[in-house]
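[1] coordinates only, sequence not included:
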């Protein structure tokens, strides 16, 4: 076996893969945040809790109803997305006319409620979720062992990110959405139901978070706190990338996950903070973010 | 961000008269607070009142930045917690006088505020909140990873209260209480002075209309940074004092949930009001004491208060009273 800078390749590529997986979650979550921010002008602090809900719904489906992973992958985003639609209609809609910072405070409060409820119901220790039988095992690539499930997470995330990009940038529905983001009043004047669009957009962003949660369930244990710390890192990712561009969010998410993974190999002490340090550097050099538009 | 603040109603000739009567009212409230601080330790458990005072000062500091700088920081736990660590470390390991330990904590928090503030004010609004939150999370990880300084999961325990200026023994709760009350009152008066100084007026102008303030020749970013540093330093003063009172500095103090708590206190009391954060701190700390046995439900209750306040009660307790009597509080 060869070694690279004194690091065994299994460790190096293993961390790179783990970095790409984290990057997938950063990409999906920051994409959802960006889409919601574009139309609703709020930062959805509940996003981490909704990611956690996705994992929990998958776990509940399996343990209470016997619904397998593949069905949960479709069902959990729909169910959690539906709760998101309820939240938007009942709560967020009422504060659309006041300062956007209230949206941050409202969704922060919602995140506390959801996390507290799940912590009461399931404790903080975490629940195991088995990898679906179709994806157990792995491939020996010669230089590393590639677990099938991890490869699947990266491919599935990339596919969902690109599908979202296509939906928003290349379809008629996406054109309406972009128009409403640019100028909601004028778009509504053209006969497009903007309030409905706002609701569906929030539901869609939330469903994306839940999808990431289901993907994460077999890798990390299903835990009420799994979204709380993640969402802060995703905020940093959003600051680094800027929320102006869909592809920008995807590239930034995967790129930062990769950098984090490499940091774990070469300088593990900094792996928890490396994304924040990059955020500081970006703020110094290009405050509007790598893909952001100057305001 | 004009709707985050409660202003005295303005109206032609009556304006000066209203201002003067508001000023008189504020003076009366200050005297009322000072008097109740003198009576409080004989009526209530002094440690409880000290906890309220530390958090009230913390919330006042946070509100200075939000209400008068127009900047919502979601990472104020960084300054509170870091000052708490520094003050605990200085008092326990270096054996510093408690007064010097508190000063050291405050200075470190102000310095941290200078660095983080310079970064965060490069963006506005929602980005500002996200950046401050991310920076404070960095401080949390730093605290977690340097157990030789912070004591890791255990925190710095059994911090000696020591003798103030080598003379006054602070081991007695009531003696310590009056020191804490004096620190709180000093902090409150300082913040009141800052708000009503020419500097504070310029800050308000920048909050309400930044481009206009810049066109009038004010360097908006320098003012914002100055408010940020003052706010961080005062949050540090609160945290450093808290470490001496409870003889403990721990990861709880730097965690994001602490940043959330101070936002909640200010929201309940009234964002952008002068006295709101004190009322909010009193309400939330009392509630936490009362509900301590409920475990994770406290989180749910806090979340519900957040949601209810944002939806139905945006002015907060003091804000509503101010509206009723038609005067800024």
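    Thanks, I have it. Given the structure is predicted, the values throughout are model-derived calculations rather than measurements.
[2] every contact and neighbour count from this point should use C-alpha atoms.
    Will do.
[3] which parts of the stretch 101-250 of chain B sit against chain A?
    Proximity of the stretch 101-250 of chain B to chain A (CA under 8 Å from any CA of the partner chain) is limited to residues B:119, B:122-123, B:125-127, B:130-131, B:133-135, B:137-138, B:141, B:145.
[4] among the residues you listed, which are located in strands?
    Applying DSSP state E to those, no entry is found in strands.
[5] neighbour-wise, which one of the residues you listed leads?
    Compared across these, residue B:131 has the highest neighbour count, 32 neighbours, by other CA atoms under 10 Å in any protein chain shown.
[6] contacts only, for the closest residue to residue B:301 other than its chain neighbours.
    Using CA to CA, 6 or more residues apart in numbering or on different chains and skipping residues adjacent in sequence, the residue nearest residue B:301 is residue A:113, 7.4 Å away. Listed by CA atoms under 8 Å, 6 or more residues apart in numbering or on different chains, the contact set of residue A:113 reads B:299-304.
[7] show me which of these has the smallest pLDDT value.
    Scanning the contacts of residue A:113 for pLDDT, the smallest score is found at residue B:299, 87.
[8] name the nearest residue to that residue, sequence neighbours excluded.
    Using CA to CA, 6+ apart and skipping the chain neighbours, the partner closest in space to residue B:299 is residue A:116 (5.3 Å).
[9] hang on, that neighbour packs against residue B:304?
    No: Residue A:116 is not in contact with residue B:304 according to CA atoms under 8 Å; the separation is 10.7 Å.
[10] and those two? Which one has more around it.
    residue A:116 (23 against 17).
[11] quick check: buried residues in the host helix or strand of the more buried one?
    Assigned by DSSP states H and E, residue A:116 belongs to helix A:101-122. By neighbour count with 16 or more other CA atoms under 10 Å in any protein chain shown, helix A:101-122 contains the buried residues A:101-120.
[12] ok, now stretch B:192-212?
    With burial defined by 16+ other CA under 10 Å, the residues of stretch B:192-212 counted as buried are B:192, B:194-195, B:200, B:202-208, B:210.
[13] could you do stretch A:161-170 as well?
    For stretch A:161-170, the neighbour count (16+ other CA under 10 Å) marks A:161, A:164-165, A:168-169 as buried.
[14] pLDDT of it, averaged?
    Mean predicted confidence for stretch A:161-170 is 93.
[15] what is the mean pLDDT for stretch B:140-149?
    The average pLDDT for stretch B:140-149 rounds to 90.
[16] ends of that stretch, how far apart?
    Start to finish, the residues bounding stretch B:140-149 are 13 Å apart (CA to CA, to the nearest Å).
[17] just how off-centre is it within its chain?
    24 Å (CA atoms, centre = their mean, to the nearest Å).
[18] what comes up buried for that stretch?
    Across stretch B:140-149, burial judged by 16+ other CA under 10 Å covers B:140-145, B:149.
[19] for the stretch 151-295 of chain A, what spans make up the helices?
    In the stretch 151-295 of chain A, the helices defined using DSSP state H, counting those that start in this stretch lie at A:172-182, A:184-189, A:194-216, A:226-241, A:246-266, A:274-285.
[20] related to what we said a few turns ago, out of the contacts of residue A:113, which is most surrounded?
    Neighbour max across the contacts of residue A:113 (other CA under 10 Å) = residue B:303, 26 neighbours.
[21] so who does residue A:274 touch?
    With CA under 8 Å, 6+ apart, residue A:274 has these contacts: A:260, A:263.
[22] kindly recompute the last result at 10 Å.
    A:256, A:259-261, A:263-264, A:267-268, A:280, B:138 (CA atoms under 10 Å, 6 or more residues apart in numbering or on different chains).
[23] now, which of the buried residues of stretch A:161-170 lie within strands?
    Using DSSP E, no member of the buried residues of stretch A:161-170 falls in strands.
[24] turn the residues you listed into TSV, columns for distance to chain B.
    As requested, those are exported to TSV (distance: CA to the nearest CA, whole Å):
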residue	distance to chain B
A:161	23
A:164	24
A:165	23
A:168	23
A:169	25
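[25] ok, which pair from the residues you listed is furthest apart?
    The span of those, defined through CA to CA, is set by A:161 and A:169 at 12.1 Å.
[26] what do those two both touch?
    Counting by CA under 10 Å, 6+ apart, the common neighbours of residue A:161 and residue A:169 are A:246-247.
[27] what does the average pLDDT come to for stretch B:38-52?
    Mean pLDDT, computed over stretch B:38-52, is 90.
[28] gap between residue A:66 and residue A:72?
    For residue A:66, the distance to residue A:72 equals 10 Å [CA to CA].
[29] ok, now which ones touch residue 224?
    Just going to use chain A. Each residue near residue A:224 by CA under 10 Å, 6+ apart is listed here: A:49, A:52-53, A:55-56, A:114-127.
[30] hmm, I had chain B in mind actually
    Contacts for residue B:224 were tallied using CA under 10 Å, 6+ apart; they are B:65, B:68-71, B:117-118, B:121, B:202-203, B:206-207, B:230.
[31] and the pLDDT for residue A:4?
    pLDDT, residue A:4: 60.
[32] that older thread, per-residue pLDDT of the residue nearest to residue B:299, please?
    92.
[33] just residue B:122 next, same as before
    For residue B:122, the pLDDT comes out at 88.
[34] same thing with the one 4 residues further on?
    What the model reports for residue B:126 is a pLDDT of 87.
[35] I figured it hits residue A:242, correct?
    No: the criterion here is CA atoms under 10 Å, and residue B:126 misses it with residue A:242 at 11.9 Å.
[36] burial measure for the closest residue to residue A:83 other than its chain neighbours, as a count.
    Distances taken as CA to CA, 6+ apart place residue A:203 nearest to residue A:83, at 7.8 Å, with adjacent residues excluded. By other CA under 10 Å, 26 other residues sit near residue A:203.
[37] cool, and residue A:230?
    Look at residue A:230: counted by other CA under 10 Å, it has 18 neighbours.
[38] and what of residue A:149?
    Neighbourhood size, residue A:149 [other CA under 10 Å]: 20.
[39] please apply the same query to residue A:154.
    Neighbour count of residue A:154, defined by other CA under 10 Å: 20.
[40] of all residues in the stretch 151-300 of chain B, which one is closest to chain A?
    Residue of the stretch 151-300 of chain B nearest chain A, by CA to the nearest CA: residue B:300 (4.3 Å).
[41] from residue A:29, how far off is that residue?
    For residue B:300, the distance to residue A:29 (CA to CA) stands at 24 Å.
[42] for residue B:288, same thing?
    Taking CA to CA as the measure, residue B:288 falls 33 Å from residue A:29.
[43] show me which of those two is the more surrounded one.
    Neighbours per residue, other CA under 10 Å: of residue B:288 and residue A:29, the larger number sits with residue A:29, 33 against 15.
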